[in-house]
Each structure stands twice: as C-alpha cells, then as structure tokens.
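In: The sequence and its predicted three-dimensional model are supplied below.
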Amino acid sequence: MANHSDTMQRFCKWETPFEPFLGKYMEIIDVQGNEAEFTGPMAKRMMPPPEESYIQVPPHDSVSTVFNLAKNYSIKPGKYTVKYTGGGISGLEPDNEIKIVVLGK
C-alpha cells in the first residue's frame, strides 16, 4: 500500500494480506470461470477495531507484505486471476487484480 500524500495515512489490517489467512478477502478465478474454494478460518470481529488493528503509512512511503494463497485456498495447477475484494473495514479500495500461473507436477 502506497501513501502518495503529504500526511500520515492508516488503514485497518483486517480483511487484508497484512493479517494473513484470517478471512476471505481474495477472489481467485481460473480461466474456466471457477472460483478457488476458500479453506481458511473466518473471524468474528468486535467493532470498532482496536487501535492495534491499524497500520500507519508515513507520507510518500509504502508498506508491503508477502503471503501464500495456497494456505487458505484450494488451488490446482492452472491460470488464475486474483482480485482483492476486501475493503469495508480496512478502508482499502478493492480494485487491483493480477494474473498468475500455478505450476504442478
């Protein structure tokens, strides 16, 4: 997540890869239009989110994370489109997508 502004920005890490593998916030579709099954845990949340649930991003800086989709989704070898579908609580916009190829034996 990049902060292109002149002020500190923050977002709630719930429903984002910054809190990996807790909830379904990705849509993973194969070339036939089939969605990969979500196999991970879901979380019930108490509102409003506590302060430690937020990540701050300094002005003109960014934060990033790495996570493994296969830990919470049933993914077989093939080609997929992956979209972030979170938002809501996090405040991040669900507008990016990537194309991936999963290789197998």
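Out: It's in. Numbering: from 1, shown residues only.
In: Distance check, Lys24 against Thr39.
Out: 10 Å (Cβ to Cβ, to the nearest Å). Quick note: C-beta positions are derived from backbone N, CA and C, even for glycine.
In: In terms of neighbours, single out the busier of the two.
Out: Higher neighbour count among Lys24 and Thr39: Lys24, with 16 against 13, using other Cβ atoms under 10 Å.
In: now that one, nearest residue through space, not along the chain?
Out: Phe38 (4.4 Å; Cβ to Cβ, 6 or more residues apart in numbering).
In: Who are the contact partners of Lys99?
Out: Residues near Lys99 by Cβ atoms under 8 Å, 6 or more residues apart in numbering: 79-82.
In: try Gly78
Out: With Cβ under 8 Å, 6+ apart, Gly78 has these contacts: 30-31, 101-102.
In: where exactly do the strands run in the protein?
Out: Under the criterion DSSP state E, the chain contains strands at 2-3, 9-12, 26-30, 37-38, 54-57, 61-62, 73-74, 78-84, 97-102.
In: before we move on, the earlier item: which neighbours do Lys24 and Thr39 have in common?
Out: Counting by Cβ under 8 Å, 6+ apart, the common neighbours of Lys24 and Thr39 are Asn72.
In: Can you report how many residues lie near the residue nearest to Ser62 when sequence neighbours are not counted?
Out: Excluding the flanking residues, the one nearest Ser62 by Cβ to Cβ, 6+ apart is Ala2, at 4.1 Å. Counted with other Cβ under 10 Å, residues neighbouring Ala2 total 11.
In: Next, work out how far apart Ala2 and Tyr84 are.
Out: 14 Å.
In: cool, and Ile75?
Out: 16 Å.
In: shaky segments in this structure?
Out: 87, 94, 105 (pLDDT under 70).
In: at 90 instead, please
Out: Scanning the chain for pLDDT under 90 picks out the ranges 1-2, 14-17, 19-25, 40-47, 67-70, 84-98, 104-105.
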